[in-house]
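K.L.:
Could you look at this predicted model? Sequence included:
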Amino acid sequence: MNSLYLLQSHGHVAHSQSLPGMNLQYLLGLFFVLLGTAYIIAAIMTNNRYKNWPIYRTALWTLAMVIALVSVVGPLANSAHTNFTAHMVSHLLLGMVAPIFMAIAKPMTLLLRTVNTSLARNITRILKSRFIQFVSHPITAAILNVGGLWLLYTTDLYMLMHENAFFALFVHLHFFIAGYVFTISIIYFDPVYHQYSYLFRAIVLIAAIAGHDILSKYMYANPPAGVSRQEAEMGSMVMYYAGDWIEVVLIIIFCWQWYKSAKPRRNSSVEIKV
């Protein structure tokens, strides 16, 4: 079974790595290099107009881009085409770790500081639109993120990902964007024009974590199409245990924000009581 899987996977590599005129890894790598460069340029530009943009936020954004690059370019990305465990590590880095650092880096705040007033107003109008409100709703974001994983790993789409280069590109971008949107729908650092209560977001976060963990257990017993049982078991354990540690970080940030938001109310109540 393993030999058959490896033969199939090597066949998939030949398809999925070749886009017309450009290597899939290079295309994804260029995307993240451009994102990282744009952020640094924006930070430099805004320093000339306002107080200096925090260096640690630029460092976090850069770290996020490096993590994303590692997941789509180089040895890990190459192994991910033939090894389900490596694929799962790539998924965790691209869809869970990098988005947390990105959220803390406050890219939308930096963008609004950098562009002119007219463009900033247009961007703000877009951020307040019904479409953005719908996509960034915690429930929608959780469905796009976790639901997308269920759809990929419980159907033949995982096989298609390795046979069709454009679909592989779509899956990687979906991992990245859906992970980021879900993260910023739970923890608020950038301006949020459609805020939801901490209790509501906590319930969605718990449900999303449960969905992620249940999927890993399901894959342990039911390997995705084209994946050997041994690879599925190893990959599922990585998804379950490593994913839990990443989710703990997200929970800590969320609880810290909740604590900070409640602290003034507690202080006020004490002063009134005294």
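P.N.:
Yes, it's here.
K.L.:
the helices in the stretch 101-250 of the chain, which residues?
P.N.:
107-114, 117-127, 130-135, 138-142, 148-153, 157-163, 165-186, 198-221, 229-237, 243-273 (DSSP state H, counting those that start in this stretch).
K.L.:
least reliable of those going by mean pLDDT?
P.N.:
Looking at the helices of the stretch 101-250 of the chain, the lowest mean pLDDT belongs to helix 243-273 (a mean of 77).
K.L.:
coming back round to it: closest one to Leu30 among the helices of the stretch 101-250 of the chain?
P.N.:
helix 165-186 (11.9 Å; CB to CB). The C-beta positions use only the backbone N, C-alpha and C, and glycine is treated the same way.
K.L.:
Which among the helices of the stretch 101-250 of the chain is found nearest to Thr85?
P.N.:
Per CB to CB, nearest to Thr85 of those: helix 229-237, 4.5 Å.
K.L.:
Give me the contact list for that closest one.
P.N.:
Here helix 229-237 makes contact (CB atoms under 8 Å, 6 or more residues apart in numbering) with 1-2, 5, 83-85, 87-88, 216-217, 219-220, 222-224, 227.
K.L.:
May I have the residues that are in contact with the spatially most central residue of the chain?
P.N.:
With distances taken as CA atoms, centre = their mean, Gly179 lies nearest the centre of the chain, 2.6 Å away. Residues near Gly179 by CB under 8 Å, 6+ apart: 94-96, 98-99, 145.
K.L.:
hmm, 10 Å instead?
P.N.:
Neighbouring residues of Gly179 by CB atoms under 10 Å, 6 or more residues apart in numbering: 91-100, 102, 141, 144-145, 148.
K.L.:
What's the separation between the spatially closest residue to Val227 that is not a sequence neighbour and Ala165?
P.N.:
Excluding its sequence neighbours, the residue lying closest to Val227 (CB to CB, 6 or more residues apart in numbering) is Phe84, at 4.8 Å. According to CB to CB, to the nearest Å, Phe84 stands 19 Å off from Ala165.
K.L.:
Please say which of those two ends up with more neighbours.
P.N.:
Neighbour comparison, Phe84 and Ala165: the larger count goes to Phe84, with 28 against 19 (by other CB atoms under 10 Å).
K.L.:
For the more buried one, give me the backbone phi and psi.
P.N.:
Main-chain dihedrals, Phe84, degrees, to the nearest 10: phi -70, psi -30.
K.L.:
how far away is it from Val238?
P.N.:
9 Å.
K.L.:
which residues do these two both contact?
P.N.:
Here Phe84 and Val238 share no contacting residue, scored by CB under 10 Å, 6+ apart.
K.L.:
before we move on, the earlier item: look up the closest residue to the residue nearest to the centre of the chain, ignoring the ones flanking it.
P.N.:
Gly95 (3.5 Å).
K.L.:
who's in contact with Ala98?
P.N.:
32, 61, 63-71, 92, 175-176, 179-180, 183.
K.L.:
6 Å instead, please
P.N.:
64, 67-68 (CB atoms under 6 Å, 6 or more residues apart in numbering).
K.L.:
Where does Lys51 fall, secondary structure wise?
P.N.:
For Lys51, there is no enclosing helix or strand under DSSP states H and E.
K.L.:
What count of nearby residues applies to it?
P.N.:
Other residues close to Lys51 by other CB under 10 Å number 7.
K.L.:
And Ile209, by the same measure?
P.N.:
The burial count for Ile209: 18, using other CB under 10 Å.
K.L.:
What sits closest to it if chain neighbours are left out?
P.N.:
Glu247 (5.2 Å).
K.L.:
now do Gly226
P.N.:
Here the residue nearest Gly226, using CB to CB, 6+ apart, is Met159, at 4.7 Å.
K.L.:
Quick check, that neighbour in contact with Pro224.
P.N.:
No. Assessed by CB atoms under 6 Å, Met159 is found out of contact with Pro224, at 8.0 Å.
K.L.:
If you count surrounding residues, which of the two has more?
P.N.:
A count of neighbours by other CB under 10 Å puts Pro224 above the other of Met159 and Pro224, at 22 against 15.
K.L.:
Let's see the pLDDT reported for the more buried one.
P.N.:
In this model, Pro224 is scored at 90, pLDDT.
K.L.:
Pull the number of nearby residues for the nearest residue to Ile104 once chain neighbours are set aside.
P.N.:
Using CB to CB, 6+ apart and skipping residues adjacent in sequence, the residue nearest Ile104 is Leu60, 5.3 Å away. Other residues within reach of Leu60, judged by other CB under 10 Å, total 18.
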